[in-house]
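>>> Mind folding the following:
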Amino acid sequence: GAGGAGYDARQSEHTPETCPMTVITNIEDLRILAQKRVPRMFYDYADSGSWTESTYRANESDFQKIKFRQRVAVNMENRSTATEMIGQKVAMPVALAPTGLTGMQHADGEIKAARAAKKFGVPFTLSTMSICSIEDIAAHTKAPFWFQLYVMRDRGFIERLIDRAKAAGCGALVLTLDLQILGQRHKDLKNGLSSPPKPTLTNLLDLATKPRWCLGMAGTRRHTFRNLVGHVKGVSDMSSLAAWTNEQFDPRLSWPDVEWVKRQWGGKLILKGIQDVEDAKLAVASGADALIVSNHGGRQLDGAESSIAVLPRIVQAVGRDIEVHMDGGIRSGQDVLKAWALGARGTYIGRAFLYGLGAMGEEGVSKCLQILHKELDADDGELTRTRKVRRGFIAEKYQVLIDALYSGKTSQFIETQVKFEDGRSGKVSADLR
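You can find the predicted model right below:
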């Protein structure tokens with residue numbers, strides 16, 4: 001999302017109609033191209049938040065309030081963006097987030113995104129509400145992709161879904177905790193969102209302007225929620241699926257259910273949707289391997305804080321006890337680096353890779369990852385002294401920094417004693433003056 005204050009790239013003079021987009025330089029270029037090529041209802045589905053969209057916007061704009069301290073005359077050789085997320089080696093601390101209806105941004109979208117992620121060396125996470133099934137992804141990529149799970153009332157179906165993820169060799173289970181009740185997204189209602197699109201006059205006129213998308217969809221049989229259709233009793237088509245889904249998201253979801261899922265799964269477990277310190281402590285107590293500081297991309301509780309604003313508090317409270325990740329608002333490598341500096345050991349991109357997918361298919365997802373990596377590597381070099389700080393030390397310092405920024409104090413100089421990886425001691429400072 002983007003926030004209420006600050007510069008918004010979408011207000012630039014170029015529009016999807018006037019910008020030829022001969023050279024893709026950033027994620028915004030991919031967004032503009034995706035808006036031209038993806039049917040409106042599916043573009044809007046990805047590029048929107050709940051209710052007033054205030055949290056959706058804040059996720060992005062709050063990153064812009066955080067500034068770097070630039071250092072010079074420091075050896076930048078041998079720097080690397082490579083790290084690990086829950087023990088899995090990754091080319092950079094970025095994973096593709098689980099996103100519903102990905103296969104409606106581009107034909108076979110989940111397969112193409114998974115392939116691009118594998119080639120680049122970052123994890124791909126498949127959503128329960130995906131168009132391509134668990135089995136589809138397993139058949140088209142050898143990488144141990146991750147699977148995201150919603151807890152439904154039908155526990156028998158959930159058990160079977162977990163077993164399917166095991167059979168596919170999924171490397172981690174991402175359990176979403178913040179979708180017990182759906183947040184209303186006005187654009188979806190106005191567009192009459194459905195998969196596949198209903199043949200209304202408005203939709204037909206829109207599809208007539210999206211020949212590339214239509215041609216791609218004509219070449220695949222994957223047009224519905226293949227993790228669900230054929231796997232749920234009584235659900236054989238979209239109409240019966242809609243009725244089943246509306247009844248299935250379980251408002252009774254609680255921490256004992258998390259423990260039940262952990263027992264059923266038996267592998268690496270990541271809890272998604274943590275925004276509060278007390279919930280973070282409960283996540284640690286549950287035995288999960290990681291948590292994701294997330295507000296569902298601003299698509300659930302409108303008015304909640306942005307993920308990047310909450311992140312330092314979560315890291316300070318539990319960062320030594322559990323691996324902390326975050327998602328929401330990442331549109332650049334600079335954003336990834338800011339999240340890392342604030343204590344996140346991994347980040348997730350949703351809309352950023354969806355823009356690439358809608359714009360250029362698999363090539364667009366690869367382009368998205370290349371852009372983020374180039375930006376991350378360049379800024380990592382400029383800030384090379386800070387990347388040597390041990391995990392845990394940086395969170396306390398940046399909590400003060402974030403609090404100062406959000407309280408409007410701009411005349412504060414913060415300095416903290418830290419230990420570096422080579423055993424030396426030193427000071428890390430942030431100048432807000």
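>>> Now do the contacts for residue 363.
With contact set as Cβ atoms under 8 Å, 6 or more residues apart in numbering, residue 363 has these partners: residue 116. No exception for glycine: its C-beta is placed from N, CA and C like everyone else's.
>>> What segments of the stretch 201-350 of the chain are helices?
Counting by DSSP state H, counting those that start in this stretch, the stretch 201-350 of the chain forms helices over residues 201-207, 211-218, 238-248, 255-265, 277-286, 307-318, 333-341, given from the N-terminal end onward.
>>> How far does the helix ranked longest in the chain sit from its chain's centre?
Of all the segments assigned as helix in the chain under DSSP state H, the longest by residue count is helix 351-382. Between the mean C-alpha point of helix 351-382 and the mean C-alpha point of its chain there is a distance of 13 Å (Cα atoms, centre = their mean, to the nearest Å).
>>> Specify the angle between it and helix 333-341 in degrees.
With axes from the mean of the first three to the mean of the last three Cα atoms, to 10 degrees as the criterion, the two stretches helix 351-382 and helix 333-341 enclose an angle of 70 degrees.
>>> Identify each buried residue in helix 351-382, please.
Along helix 351-382, the positions that meet the burial threshold by neighbour count (16 or more other Cβ atoms under 10 Å) are 351-362, 364-369, 371-373, 375-377, 379-380, 382.
>>> what angle sits between that helix and helix 211-218?
Angle of helix 351-382 versus helix 211-218, following the same axes, to 10 degrees, is 110 degrees.
>>> Could you find the closest non-adjacent residue to residue 352?
residue 27 (5.0 Å; Cβ to Cβ, 6 or more residues apart in numbering).
>>> now the one you found: how far from residue 354?
Spatial separation of residue 27 from residue 354 under the definition Cβ to Cβ, to the nearest Å is 10 Å.
>>> for residue 55, same thing?
Here residue 55 is placed at a distance of 18 Å from residue 354 (Cβ to Cβ).
>>> same deal with residue 187?
Look at residue 187 and residue 354: by Cβ to Cβ, they are 15 Å apart.
>>> Pull up the distance across stretch 190-204, start to finish.
Length of stretch 190-204, first residue to last, Cα to Cα, to the nearest Å: 15 Å.
>>> May I see the buried residues of that stretch?
Within stretch 190-204, the residues scored as buried using 16+ other Cβ under 10 Å are 191, 193, 195, 197, 203.
>>> burial of residue 149, as a residue count?
The number of residues packed near residue 149 is 21, by other Cβ atoms under 10 Å.
>>> For it, name its beta-bridge partners.
Counting by DSSP bridges, residue 149 is bridged to residue 175.
>>> Test my guess that it contacts residue 157.
No - the pair residue 149 and residue 157 does not pass the contact test of Cβ atoms under 8 Å, sitting 10.9 Å apart.
>>> among the helices of the stretch 201-350 of the chain, which is nearest residue 133?
For residue 133, the closest of the helices of the stretch 201-350 of the chain is helix 238-248, at 13.5 Å, according to Cβ to Cβ.
>>> Could I get the average pLDDT for that closest one?
Averaging the model's pLDDT scores along helix 238-248 yields 70.
>>> what do you get for stretch 291-305?
Mean pLDDT, taken over the full extent of stretch 291-305, equals 92.
>>> Any idea how far it is from the middle of the chain?
Its chain's C-alpha centre lies 11 Å from the corresponding centre of stretch 291-305 when counted by Cα atoms, centre = their mean.
>>> Which one of the buried residues of stretch 190-204 is nearest to residue 273?
For residue 273, the closest of the buried residues of stretch 190-204 turns out to be residue 193, at 22.3 Å, with distances computed as Cβ to Cβ.
>>> ok, the closest residue to the closest one other than its chain neighbours - contacts?
Spatially, and ignoring its direct neighbours in sequence, residue 193 is nearest to residue 41 (5.0 Å; Cβ to Cβ, 6+ apart). The neighbours of residue 41, taking Cβ under 8 Å, 6+ apart as the test, are 188, 191-194, 197, 203, 206.
>>> now, which of those residues lie within helices?
Among those, DSSP H puts 188, 191, 203, 206 in helices.
>>> so the second one touches residue 43, yeah?
Just to be clear, that refers to residue 191. No - at 9.4 Å, residue 191 and residue 43 do not qualify as touching, with contact defined as Cβ under 8 Å.
>>> From residue 135, how far off is residue 227?
In this view, residue 227 and residue 135 are 9 Å apart by Cβ to Cβ.
>>> and the two? which has more neighbours close in?
residue 227 (24 against 13).
>>> Could you tell me whether residue 100 really is in a strand?
No - when the secondary structure is assigned by DSSP: H, G, I helix; E, B strand; the rest coil, residue 100 falls in coil instead of a strand.
>>> what number of residues lie near the nearest residue to it once chain neighbours are set aside?
Once its chain neighbours are removed from consideration, residue 100 has its nearest residue in residue 129; the separation is 3.7 Å (Cβ to Cβ, 6+ apart). The number of residues packed near residue 129 is 18, by other Cβ under 10 Å.
>>> thinking again about what came up before, nearest to residue 174, of the helices of the stretch 201-350 of the chain?
Taking Cβ to Cβ as the measure, the helices of the stretch 201-350 of the chain were each checked against residue 174, and helix 255-265 came out nearest at 10.6 Å.
>>> which helices and strands does the closest one pack with?
Packing contacts for helix 255-265, counted by 3 or more Cβ pairs under 8 Å, 6 or more residues apart in numbering; DSSP states H and E, involve helix 155-167, strand 173-176, strand 269-274, helix 277-286.
>>> Kindly reformat these as a markdown table and extend each row with mean neighbour count and mean pLDDT.
Written out in a markdown table, the entries for these read as follows (neighbours: other Cβ atoms under 10 Å; pLDDT from 0 to 100):
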| stretch | mean neighbour count | mean pLDDT |
| --- | --- | --- |
| helix 155-167 | 16 | 96 |
| strand 173-176 | 25 | 98 |
| strand 269-274 | 25 | 98 |
| helix 277-286 | 17 | 98 |
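>>> Let me have those in CSV, extended by distance to residue 144.
As requested, these are arranged in CSV below (distance: least, Cβ to Cβ, whole Å):
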stretch, distance to residue 144
helix 155-167, 11
strand 173-176, 12
strand 269-274, 14
helix 277-286, 23
